[in-house]
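Participant: Structure of the sequence below:
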Amino acid sequence: MGRCPDCGEWGSVIEQLPPVGEGRPASLPRIPKPLADVDPAGAPVRATAVGELDRVLGGGLVAGSVTLLAGEPGIGKSTLLLQALAELARGGARTLLVSAEESVEQVRRRADRLGVPPPGLLIVAETSLPIVLAMAETLAPDVVAIDSIQTVHDPDGPGAPGSVTQVRDGAQRLVRYAKESGVATVLVGHVTKDGAIAGPRVLEHIVDTVLSFEGDRDHGVRTLRALKHRFGPTDELGVFEMSNDGLHGVPDASSLLLTERRGDASGSIVAAAIDGARPLLVEVQALVTRTNAPLPRRAAQALDGGRLSLLIAVLQERAGVGLGGFDVYANVAGGVRVAEPGLDLAIAMAVAGAHSDRRLPADTVVVGEVGLGGELRQVPQIARRLAEAARLGFRRAVVPPSTPEVPGIRLHRVADVGRALLLLEVPDDGLGARSGQE
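Facilitator: So this is what the prediction gives:
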């Protein structure tokens, strides 16, 4: 039949053979047992020796697991994967890298830049999935990596390489191989323009772990998050810095992000954020400029643009800050994207400070969620945020009223955003606020 009678599509009818053998199986492949008798340790974990990657994975790669590493093109997925496989090979693991996008010579040049490739790291440039599976079964490696799942395909299967059918079927066959052989498998995936993982949604459901590798290609900082992890929590954040010789873990990310901060600039506020279980101090910057356009611009980078518009509305209605004739730009310096309510007060104070040319003292950190009524609300793990600020030398903090005491830091408890703006000071140069902006 050339045409489907239901949807009218031509050439879409695919033959499906009926299953061989009907009825009850002759024997059960697995016998149920009491849950109390199951070993809670599960499959062994193999550390990659890449500290920030192991932090997010909860110790390393689990035998028989399937991990999906997703990110934008050029963000450093292949570099991170190559570094992890090289460290595993140096530790005695037998690793196989299937390069379906680059030639082996290209990968070798990258490996030379990162360091001498170990002899235990095997590589092949292949796009045929049946051949890849046959190689893996013959070589019996400890870890297999496919770069990428969108380019590996079955020549005898329906659809073109990278199509929904090919990606779904290929991922299912690789998952089946990993579970049956006990080989830890890593799949590299691309993301769409909207930031979602390319391919069918079933791709994220069938794998055990989904890692998101993010960052701004114009900056050197990269972040790694676990969006899904069947073998551990998803509240860890890995931070890397890209350099000419590869990715380097950043155990003290707050110090790196605040290295080039100007403490005397208006519109600059240090916020105590938290990403998963990791406290992170970031610099929130704002710029307010007068405009004659009927609709002023509200532009946010590394922030939620909708949240910025909401906070501008709160500033206008609850704190009397007139921003109707001004363009507002807000940014998190350093290229790290942070989207959590704990940055609300810092964004509001940065915008108001840029508008009136006022600032906070350089040793002050800000944390708190702003409600639609202008009130300040408590945020999770505020003690850990403030402890991180005290460790970096901050001595004062603007916080919601219910914040408990934290050693080493003086708290300014404020009930609403209007009272928080009273803490902004005129710069020491004596110029004061700009004319017509108060």
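Participant: what distance separates the helix or strand where residue 109 lies from the centre of its chain?
Facilitator: Taking DSSP states H and E as the definition, residue 109 sits inside helix 104-114. Counting by C-alpha atoms, centre = their mean, to the nearest Å, helix 104-114 is centred 26 Å from the centre of its parent chain.
Participant: so after it, what's the next helix or strand?
Facilitator: Next in sequence after helix 104-114, counting helices and strands by DSSP H and E, comes strand 121-124.
Participant: In its sheet, which strands sit next to the helix or strand where residue 331 lies, and in what direction?
Facilitator: Assigned by DSSP H and E, residue 331 belongs to strand 326-332. Counting by DSSP bridges, the strands paired with strand 326-332 are strand 278-290 (antiparallel), strand 298-301 (parallel).
Participant: Deepest-packed of these, please.
Facilitator: Highest mean neighbour count among the strands paired with strand 326-332 (mean count of other C-beta atoms under 10 Å): strand 278-290, with a mean of 20. For the C-beta atoms, the positions are set from N, CA and C on the backbone; glycine is no exception.
Participant: Now that one: average pLDDT?
Facilitator: Mean per-residue pLDDT for strand 278-290: 94.
Participant: pull the CA atoms of it into CSV?
Facilitator: Coordinates of each C-alpha in strand 278-290 appear next as CSV, following Å, rounded to 0.1, in the frame of the first residue of the first chain:
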residue,chain,number,x,y,z
ARG,A,278,26.1,24.4,45.8
PRO,A,279,26.2,28.0,47.0
LEU,A,280,27.3,30.5,44.4
LEU,A,281,28.1,34.2,44.6
VAL,A,282,27.5,36.1,41.4
GLU,A,283,27.6,39.7,40.3
VAL,A,284,24.3,41.1,39.1
GLN,A,285,24.7,44.1,36.8
ALA,A,286,22.1,46.6,35.6
LEU,A,287,22.2,49.5,33.2
VAL,A,288,19.4,52.1,32.9
THR,A,289,19.4,54.5,30.0
ARG,A,290,16.8,57.1,28.9
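Participant: chain center to that strand: distance?
Facilitator: Counting by C-alpha atoms, centre = their mean, strand 278-290 comes out at 19 Å from the chain centroid.
Participant: residues contacting residue 258?
Facilitator: 270, 281, 282, 283, 392 (C-beta atoms under 8 Å, 6 or more residues apart in numbering).
Participant: Reformat those as a markdown table; add distance to residue 414.
Facilitator: Formatted as a markdown table, the contacts of residue 258 follow (distance: C-beta to C-beta, whole Å):
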| residue | distance to residue 414 |
| --- | --- |
| 270 | 16 |
| 281 | 20 |
| 282 | 21 |
| 283 | 21 |
| 392 | 22 |
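Participant: which of the residues you listed lies closest to residue 136?
Facilitator: Of all the contacts of residue 258, residue 136 sits closest to residue 282, with 42.4 Å by C-beta to C-beta.
Participant: That closest one reaches residue 337, doesn't it?
Facilitator: No: the pair residue 282 / residue 337 is not scored as a contact, 9.9 Å apart, by C-beta atoms under 8 Å.
Participant: any chance you could map the helices in the protein?
Facilitator: Remark: helices assigned in the chain by DSSP state H are 51-57, 77-90, 104-114, 129-139, 164-181, 202-206, 253-257, 305-318, 344-356, 382-391, 417-421.
Participant: Just name the most buried of those.
Facilitator: Comparing these on average neighbours, where mean count of other C-beta under 10 Å defines a contact, helix 344-356 leads with a mean of 27.
Participant: what's the model's confidence in that one, averaged?
Facilitator: The average pLDDT for helix 344-356 rounds to 96.
Participant: now do stretch 44-58
Facilitator: Mean predicted confidence for stretch 44-58 is 93.
Participant: again, but for stretch 124-132
Facilitator: For stretch 124-132, the mean confidence score works out to 95.
Participant: is it true that residue 270 touches residue 363?
Facilitator: No: counting by C-beta under 8 Å, residue 270 does not reach residue 363; the two are 9.2 Å apart.
Participant: Same drill for these two, tell me which one is more crowded.
Facilitator: Set side by side, residue 270 and residue 363 show more neighbours around residue 270, with 26 against 16, by other C-beta atoms under 10 Å.
Participant: ok, now which ones touch that one?
Facilitator: 258, 261, 281, 282, 283, 284, 346, 364, 365, 366, 389, 394 are the contacts of residue 270 under C-beta under 8 Å, 6+ apart.
Participant: same thing but at 6 Å, please
Facilitator: Listed by C-beta atoms under 6 Å, 6 or more residues apart in numbering, the contact partners of residue 270 are 281, 283, 365.
Participant: relative to helix 305-318, how tilted is the strand holding residue 331?
Facilitator: 130 degrees (axes from the mean of the first three to the mean of the last three C-alpha atoms, to 10 degrees).
Participant: mind listing what's buried in strand 326-332?
Facilitator: By 16 or more other C-beta atoms under 10 Å, the buried positions in strand 326-332 come out as 326, 327, 328, 329, 330, 331, 332.
Participant: Quick check: of the residues you listed, which lies closest to residue 215?
Facilitator: The nearest member of those to residue 215, counting by C-beta to C-beta, is residue 332 at 12.2 Å.
Participant: so that closest one makes contact with residue 338?
Facilitator: Yes: between residue 332 and residue 338 there is a contact at 5.5 Å, judged by C-beta atoms under 6 Å.
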